[in-house]
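S.K.: Any chance you can model this:
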Amino acid sequence: MCLKVYTKQSSRRLISDLGVYKQLGFINQVPHFNTILNYFNNRDLRVILQYLIELSAVPLAQLERRFAVDASGIGAHQFEKWSDIRSVHNKHRKYKKVHIIYGVLSNIAVACRVTKGTANDSPQFENLLKRCADNFDVEECSADMAYSSKANLQAVVDVGGVPYIPFKSNAVGGGLGTWRKMYKYFKQNQEEFYRHYHLRSNAETGFFMIKKKFGEFVSCKSDVAQENEILCKVLCHNVCCLISEMFLQKIDVDFLSAIKKFSAQS
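M.R.: Presented below is the predicted three-dimensional model:
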């Protein structure tokens, strides 16, 4: 499934490549092209793909300390771009929305969830952050105003990080706790606040990398298959980021240790 997404080939044309991989000993048999499509429609694979996305990011826990959350649309229609219709609510049904928390150093996707195009961004924040905190030390987390809420700010503090989420124009610094402290900090130290907040741009970079390399549309037709295809795109992106960091940062990727750590914490 990931090879189909990575090469952007039809399942029929992919079979010739799989034949080569069988000769090289990477796989035991070449599946029928319909078998590949059937797996895209397998609802149970969503959990497995999400697991693989999170697992593929674990080797970079030695590098990543700062994170950014954002969401973007992946089109199910091949003639309209997300940037063209993002403000037109009644057209969101043609899209799936992918919510990702990225490590800002490598742009690796630490955790990912796929929803319908009309889903709000903010409710996904706590779940993504929790999945991130299970495997990474969170020093700070940035997100745009769509995620500005007392619950989201407190969630970052609860995992030991500092939330850099700007306040809306109608927000007030009343009450106690994290909301009031961050509101005061936001108003009195805006230059320093925005220096941390603009690391959020790495989330947009991450989405650009995924769409540029693996396409901003899905080819599958059913909801289940579209979700699995999007998760495959994110997983392929993580593999590319991981290989890049192996050379750039000279890190030693030990998946056996990563799997043991991941399994113990999950």
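
S.K.: Show the contacting residues for Asn228.
M.R.: Contact partners of Asn228, counting by Cβ atoms under 8 Å, 6 or more residues apart in numbering, are 1, 39-42, 45-46, 49, 220. To be clear about C-beta, it is placed using only N, CA and C from the backbone, and glycine gets the same treatment.

S.K.: List the contacts of Ala68.
M.R.: Contacts of Ala68 by Cβ under 8 Å, 6+ apart are 101-102, 104, 141-143, 199-203.

S.K.: show me where this structure has helices.
M.R.: Ranges of helices in the chain, per DSSP state H, are 2-7, 11-23, 33-40, 45-57, 82-85, 125-133, 150-158, 178-188, 190-197, 201-214, 223-248, 255-265.

S.K.: Out of those, which is closest to Thr118?
M.R.: helix 82-85 (11.9 Å; Cβ to Cβ).

S.K.: Same list (the contacts of Ala68) but as a markdown table, adding distance to Ile53.
M.R.: Compiled in a markdown table, the contacts of Ala68 are given as follows (distance: Cβ to Cβ, whole Å):
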| residue | distance to Ile53 |
| --- | --- |
| Ile101 | 11 |
| Tyr102 | 12 |
| Val104 | 17 |
| Cys141 | 18 |
| Ser142 | 21 |
| Ala143 | 19 |
| Leu199 | 21 |
| Arg200 | 20 |
| Ser201 | 22 |
| Asn202 | 17 |
| Ala203 | 15 |
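
S.K.: Only the buried subset of those, as a ChimeraX command please.
M.R.: This is the ChimeraX syntax for the buried subset of the contacts of Ala68, where burial follows 16 or more other Cβ atoms under 10 Å:
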select :101,102,104,141,142,143,199,200,202,203
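
S.K.: Who wins on neighbours among the contacts of Asn228?
M.R.: Phe40 (23 neighbours; other Cβ atoms under 10 Å).

S.K.: tell me, how many neighbours does the closest residue to that one other than its chain neighbours end up with?
M.R.: Once flanking residues are discounted, Phe40 sits nearest to Ala225: 4.1 Å by Cβ to Cβ, 6 or more residues apart in numbering. Neighbour count of Ala225, defined by other Cβ under 10 Å: 21.

S.K.: cool, Val47 as well?
M.R.: Counted with other Cβ under 10 Å, Val47 comes out at 10.

S.K.: gap between it and Asp144?
M.R.: In this view, Val47 and Asp144 are 29 Å apart by Cβ to Cβ, to the nearest Å.

S.K.: do the same with Arg43
M.R.: 32 Å.

S.K.: neighbour count winner among those two?
M.R.: Comparing Arg43 with Asp144 by neighbour count (other Cβ under 10 Å), the higher total belongs to Asp144, at 17 against 12.

S.K.: Noted, bye for now.
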